[in-house]
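Colleague: quick one, fold the following:
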Amino acid sequence: MPGGKVHFGEHLDEAIIRELFEECYIKTKWLKLCGVVTEILHLNKNTRLYYLLHICQLKPLSFEIKPSVEGNGQWFSLEKMSELKKIMIPSDFVMLNRLVINEPQKFYYRCEVEKKNKIYIIKYFR
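Modeller: This is a model prediction of the structure:
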């Protein structure tokens, strides 16, 4: 899933639209903010990464994804997302299920994930 940083003086919706265009060359229209997740990723005993994730819904104005320095993006159907569970980062799978696909039970979640030998393990998602 595309991601990035909000520039100084930039609104959240502008940053998300810009980041998606930079990573996939897709123009979009802002629809809504679905929820927020704070995630701590434990890489090893001494290294942790902290993320503030804004899960949003956008409307694509074009559908052709072009490769960028971020990699090759691709579309996937939310209805068939369970088929992608084995290749997705587990916390991304849970975020999409709780904040986009199913009726959200709440707006904000806390998550901790541990990476061991290229495998991501959710410590908790609540």
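Colleague: helices along this protein, start to end?
Modeller: 12-24, 90-96 (DSSP state H).
Colleague: Throw those helices into JSON lines and include mean pLDDT and mean neighbour count, thanks.
Modeller: Heads up, the C-betas are built off the backbone N, CA and C, glycines and all. Below are those laid out as JSON lines (pLDDT from 0 to 100; neighbours: other CB atoms under 10 Å):
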{"stretch": "helix 12-24", "mean pLDDT": "95", "mean neighbour count": "17"}
{"stretch": "helix 90-96", "mean pLDDT": "94", "mean neighbour count": "19"}
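Colleague: export these as a markdown table, with columns for distance to residue 68.
Modeller: Shown next, in a markdown table, are these (distance: least, CB to CB, whole Å):
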| stretch | distance to residue 68 |
| --- | --- |
| helix 12-24 | 5 |
| helix 90-96 | 19 |
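Colleague: these: which one's closest to residue 33?
Modeller: helix 12-24 (7.3 Å; CB to CB).
Colleague: can you list the helices and strands that that closest one packs against?
Modeller: strand 28-42, strand 48-60 (3 or more CB pairs under 8 Å, 6 or more residues apart in numbering; DSSP states H and E).
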